[in-house]
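In: Dropping a prediction and its sequence here:
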There are 6 protein chains.
Amino acid sequence: MKRGFYIGRFQPYHNGHQSVLEHIAGTVDEIIIGVGSAQLSHQADNPFTAGERVLMITRSLESLDCPFYVIPIEDIQRNALWVAHVRSMTPPFDICYSSNPLVVRLFSEAGIDVQLPAMYEREILSGTEIRKRMLENRSWKNLVPPAVIQVLKEIDGPGRLRQIAGDD
Amino acid sequence: MKRGFYIGRFQPYHNGHQSVLEHIAGTVDEIIIGVGSAQLSHQADNPFTAGERVLMITRSLESLDCPFYVIPIEDIQRNALWVAHVRSMTPPFDICYSSNPLVVRLFSEAGIDVQLPAMYEREILSGTEIRKRMLENRSWKNLVPPAVIQVLKEIDGPGRLRQIAGDD
Amino acid sequence: MKRGFYIGRFQPYHNGHQSVLEHIAGTVDEIIIGVGSAQLSHQADNPFTAGERVLMITRSLESLDCPFYVIPIEDIQRNALWVAHVRSMTPPFDICYSSNPLVVRLFSEAGIDVQLPAMYEREILSGTEIRKRMLENRSWKNLVPPAVIQVLKEIDGPGRLRQIAGDD
Amino acid sequence: MKRGFYIGRFQPYHNGHQSVLEHIAGTVDEIIIGVGSAQLSHQADNPFTAGERVLMITRSLESLDCPFYVIPIEDIQRNALWVAHVRSMTPPFDICYSSNPLVVRLFSEAGIDVQLPAMYEREILSGTEIRKRMLENRSWKNLVPPAVIQVLKEIDGPGRLRQIAGDD
Amino acid sequence: MKRGFYIGRFQPYHNGHQSVLEHIAGTVDEIIIGVGSAQLSHQADNPFTAGERVLMITRSLESLDCPFYVIPIEDIQRNALWVAHVRSMTPPFDICYSSNPLVVRLFSEAGIDVQLPAMYEREILSGTEIRKRMLENRSWKNLVPPAVIQVLKEIDGPGRLRQIAGDD
Amino acid sequence: MKRGFYIGRFQPYHNGHQSVLEHIAGTVDEIIIGVGSAQLSHQADNPFTAGERVLMITRSLESLDCPFYVIPIEDIQRNALWVAHVRSMTPPFDICYSSNPLVVRLFSEAGIDVQLPAMYEREILSGTEIRKRMLENRSWKNLVPPAVIQVLKEIDGPGRLRQIAGDD
């Protein structure tokens, strides 16, 4: 049994995440997806709750051919404790997939194997870009899985983002 | 789509939980299982990490005929905020199943429908009883699903419990 | 201008508190009432929210002949910092009225004048006794000001207490 | 009985706040004034303690023809829990007055009625502008109620601001 | 260079601790002494601040023939993170000396070598016993190093303990 | 007995700190060195753990002719409580040496004597400058005591800094 760990903030979950996870699915027996900064929501950079992000991810991966866990991970503001925090909240794993330099460093110092995930078009497949498009009423639906469009519609996601990002 | 929420500490997950969840599975479209006091572990009353409990639950429900989410829920020590906390960490739900008086009260005051789960033998199907049996080296394996026996063996669960519950 | 500070948990506010405050009113220009453990509610020992307690106190003191402030004070779990915490949340004060040994010690070590408040019948005029009577459906209304009876009725106070103090 | 809620940081309390509250006083039976970011002080953007702000507000509203509560509200860094947090610290209220987009959104999602407060000259009647003027030793006293001038003098408010905003 | 770690609450530091540390001094190059529950003070079980405990320890070990560090360690209420927390606050160490079952378990699970410290008369050489004697005005000075007697006198240690342990 | 307090983040400890402490050593009987923001590490501005910084400081001061304490001080995000926090973690002190305006203000408001430390070349003897040089692979070893070079080599300090400061 080989388990892989993948973390992101998923604000929102998009086709880049989906493509990475589909690739990881071919290399491990089970995937653990950590939903980072789980305690944040209703911010311009973090508009969606952990629960809403869990829903986006789970729906989008319904036909993934690999069992997976979706686990909210609250920030602890203590980098030196973060790996222990993640491990306490998740089933044991053997490998971490990340291209974030801090995540790579922290797992490496803890003696855990880290691999760079497969590449994708990171300029437009990014949460920052998608939130920007939502704010400016430009097209973003082609950048996320259909299930995410559905969830965002149910929770009035773009409406919430536009309202909280507004000026006082 | 009707979603039900069920919360416990699952220290450990046992046949009583399993039987309640199998019953709930027949009444809703999806189940959300909250793993309470997620931040606690390595205590006589809370020996197992959230991740270990997620593993016990997921394995035991592999053949459940209802989609489910397993979500660690850290304590917040603020009863008046607890329902909002739970809802921020989970997909939206319509009904909560609980027999805990505080949980019932908090969800009721928040205007959420609460139902008592089906009954089972609560004297012996309880985490307290199972931990007591582990400590005293008495039989406990008949009280939990086979997958829990396997997980506890892999993490040396009874050994950990006996060591941390020992006297200084 | 001489300001006095008085702190309690007020679970609930009762005639003993009222009589102490009426006495203090005659000795200072303004009173600051700290509502301690403000973050707690829905517990057998702390059933009411800070806001509900603010309401009980303010209503009961409507005809007090001395200006007063009612300030929720959250616990900080750091005794050595507690006086600084209280002072940051309140207007400046010259004297503290308390018979609690820890409060007396902490204010004394900080160089603040402490006085014992006037005495009253502490056996029956106590939050513990009143909550016990509520739980046992015995008479308690004669122990609190009329405004408190009214507030507790509006929030279903005794009902909440009985439910959360119930067994699982 | 209709209660209205109004929140600000009041760094410091100024004529704009005063004029909004005088207007609200004509439309509700009681006003609850939440002192936001209560835990912050001694910062360039948040120079005054919650207690100092409570004092400024209470003094300035001494002749207001409407009962009011002044309640410090500490930040909780969890937007999804903030409304529950506010409600636990305050008497029950029916309506929230705010022009802050996040506050409006959070109360709206919680099903609470929100109204825009009456307008005033927001360019110069702002805490930012007043703190800037204090730092630059320009006139600011005409922008705040007389009671605020008095409180700031007693606590050496402008002096504190200038010192902590200085360079190392 | 071999460094050993030893942790206690030191409420107060006593001859048992002293004798253990003198023994450890003969087996390592440097000692790290963790002052546990550093955030607690002014409680019947934890009367002294971390700083006061640092002072007791440092003074008592002035003539120890081994370099040592005295490091306050605040609790984090997360057993699964505690070892990472300790390690982030201390210089690197190779071995932990402890007879506390939880400490032994946590360090063992983290792959760190743990040894039982040398034995001493644990019935009377215990913080619990010494605090009890202070409360009952019985002799305790023979149970602690002379430097501790001096520190406790300077801070009115027994007086503080008796006052905070008093009844309301 | 006169004790002086000196605080810094020491990211890393450098010759400027060393020269200030050598000067203070001539004016007090004992020095307390507070390691600020102790909880932070693995950040571009705070790369080193508290324990690593304790090690740098202690090693560099081995031949200082004045007893000293090195105490990690975690942030508390409450300026009004910070002095009480520091004092609870340290032996009692009579004077604080600091040129940080906020530190000066907070200690002054608490009635504690503050002195400006001796000057040194602050443009290049600064943590910011040293971290910048490490990132750019420019010479920095001449700005820190030899013991710091040794510690940073053992923990791969510059390597960690370069990795975590990298772009995703």
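Out: Arrived safely, thanks for sending.

In: near chain D, which residues of chain A show up?
Out: Residues of chain A lying close to chain D (C-beta under 8 Å from any C-beta of the partner chain) are A:39-43, A:49, A:160, A:163-168. To be clear about C-beta, it is placed using only N, CA and C from the backbone, and glycine gets the same treatment.

In: Pull out the CA atoms of stretch A:8-20 and give them to me as CSV.
Out: Extracted in CSV, the C-alpha atoms of stretch A:8-20 (Å, rounded to 0.1, in the frame of the first residue of the first chain):
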residue,chain,number,x,y,z
GLY,A,8,-3.4,23.0,-2.0
ARG,A,9,-5.7,25.8,-1.0
PHE,A,10,-8.1,25.1,-3.9
GLN,A,11,-9.6,28.6,-4.0
PRO,A,12,-11.1,27.2,-6.2
TYR,A,13,-10.2,23.7,-7.3
HIS,A,14,-9.3,23.9,-11.0
ASN,A,15,-8.2,21.8,-14.1
GLY,A,16,-4.6,22.1,-13.1
HIS,A,17,-5.3,20.4,-9.8
GLN,A,18,-7.4,17.8,-11.5
SER,A,19,-4.7,17.0,-14.0
VAL,A,20,-2.1,16.6,-11.3
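
In: is any part of it close to chain F?
Out: No - applying C-beta under 8 Å from any C-beta, one finds stretch A:8-20 separated from chain F by no less than 11.1 Å.

In: Am I right that residue A:10 is in a helix?
Out: No - counting by DSSP: H, G, I helix; E, B strand; the rest coil, residue A:10 falls outside a helix, being coil.

In: Tell me who's in contact with the residue of chain A found nearest chain D.
Out: Of all residues in chain A, the one sitting closest to chain D is residue A:42 (3.7 Å; C-beta to the nearest C-beta). Going by C-beta atoms under 8 Å, 6 or more residues apart in numbering or on different chains, residue A:42 touches A:49, A:160, A:164, D:79-80, D:102, D:105-106.

In: if we go to 10 Å?
Out: Residues near residue A:42 by C-beta atoms under 10 Å, 6 or more residues apart in numbering or on different chains: A:48-49, A:160-161, A:163-164, B:88, D:78-80, D:82, D:102, D:105-106, D:109.

In: Please name the residues that touch the residue nearest to residue A:134 when sequence neighbours are not counted.
Out: Once flanking residues are discounted, residue A:134 sits nearest to residue A:158: 4.4 Å by C-beta to C-beta, 6 or more residues apart in numbering or on different chains. Neighbouring residues of residue A:158 by C-beta under 10 Å, 6+ apart: A:12, A:47, A:130-131, A:133-135, A:137, A:140, A:152.

In: Do I have it right that residue A:70 meets residue A:31?
Out: Yes - Residue A:70 is in contact with residue A:31 according to C-beta atoms under 10 Å; the separation is 9.3 Å.

In: joint contacts of the two?
Out: Counting by C-beta under 10 Å, 6+ apart, the residues touching both residue A:70 and residue A:31 are residue A:61.

In: for chain A, what spans make up the strands?
Out: Using DSSP state E, the strands of chain A run over A:3-8, A:30-35, A:68-72, A:95-97, A:113-115.

In: For those, give me a markdown table that also has mean pLDDT and mean neighbour count.
Out: Shown next, in a markdown table, are the strands of chain A (pLDDT from 0 to 100; neighbours: other C-beta atoms under 10 Å in any protein chain shown):
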| stretch | mean pLDDT | mean neighbour count |
| --- | --- | --- |
| strand A:3-8 | 97 | 22 |
| strand A:30-35 | 98 | 23 |
| strand A:68-72 | 98 | 22 |
| strand A:95-97 | 97 | 21 |
| strand A:113-115 | 96 | 15 |
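
In: now do the same end-to-end measure for stretch A:91-106.
Out: The first residue of stretch A:91-106 is 18 Å away from its last residue (C-alpha to C-alpha, to the nearest Å).

In: Give me the buried positions along it.
Out: For stretch A:91-106, burial by neighbour count (16 or more other C-beta atoms under 10 Å in any protein chain shown) applies to A:91-93, A:95-106.

In: what's the lowest-pLDDT member of these?
Out: Minimum pLDDT for those is recorded at residue A:99 (89).

In: Just give the closest residue to that residue, not the sequence neighbours.
Out: Residue A:99 sits nearest to residue A:116 (C-beta to C-beta, 6+ apart), 5.3 Å away.

In: Can you give me every residue that contacts the one you found?
Out: Residue A:116 sits next to A:97-99, A:104 when contact means C-beta under 10 Å, 6+ apart.

In: Take these and lay them out in JSON lines including distance to residue A:60.
Out: Conversion of these to JSON lines gives the following (distance: C-beta to C-beta, whole Å):
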{"residue": "A:97", "distance to residue A:60": "17"}
{"residue": "A:98", "distance to residue A:60": "20"}
{"residue": "A:99", "distance to residue A:60": "20"}
{"residue": "A:104", "distance to residue A:60": "25"}
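
In: any idea of the mean pLDDT for stretch A:125-132?
Out: Mean predicted confidence for stretch A:125-132 is 96.

In: ugh, wrong one, I meant stretch A:156-167
Out: Mean pLDDT, stretch A:156-167: 91.

In: buried stuff in that stretch?
Out: Across stretch A:156-167, burial judged by 16+ other C-beta under 10 Å covers A:157-158, A:160-165.

In: tell me which of those is nearest to residue E:74?
Out: Distances from residue E:74 to those, taken as C-beta to C-beta, are shortest for residue A:164 (34.5 Å).

In: which residues does the closest one contact?
Out: By C-beta under 10 Å, 6+ apart, the neighbours of residue A:164 are A:41-44, A:46-47, D:79, D:100-106.

In: rerun at 7 Å
Out: Neighbouring residues of residue A:164 by C-beta atoms under 7 Å, 6 or more residues apart in numbering or on different chains: A:42-44, A:47, D:101-102, D:105.

In: Let's have the residues you listed in JSON lines, adding distance to residue A:121.
Out: Shown next, in JSON lines, are these (distance: C-beta to C-beta, whole Å):
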{"residue": "A:42", "distance to residue A:121": "29"}
{"residue": "A:43", "distance to residue A:121": "26"}
{"residue": "A:44", "distance to residue A:121": "23"}
{"residue": "A:47", "distance to residue A:121": "22"}
{"residue": "D:101", "distance to residue A:121": "32"}
{"residue": "D:102", "distance to residue A:121": "32"}
{"residue": "D:105", "distance to residue A:121": "32"}
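
In: Of those residues, which belong to helices?
Out: Mapping the contacts of residue A:164 onto helices (DSSP state H) picks out D:101-102, D:105.

In: From those, pick out the ones that also neighbour chain A.
Out: Among the ones in helices among the contacts of residue A:164, the residues lying close to chain A (C-beta under 7 Å from any C-beta of the partner chain) are D:101-102, D:105.

In: Please tell me how far residue A:93 sits from chain C.
Out: For residue A:93, the distance to chain C equals 34 Å [C-beta to the nearest C-beta, to the nearest Å].

In: which residues in chain A form helices?
Out: A:15-25, A:50-60, A:79-89, A:101-109, A:127-135, A:146-154, A:157-164.

In: deepest of the ones you listed, which one?
Out: helix A:50-60 (a mean of 25; mean count of other C-beta atoms under 10 Å in any protein chain shown).

In: which residues sit against that one?
Out: By C-beta under 7 Å, 6+ apart, helix A:50-60 touches A:10, A:12-13, A:18, A:33, A:35, A:38, A:70, A:72, A:145, A:147-148, A:151, A:155, B:69, B:71, B:87-91.
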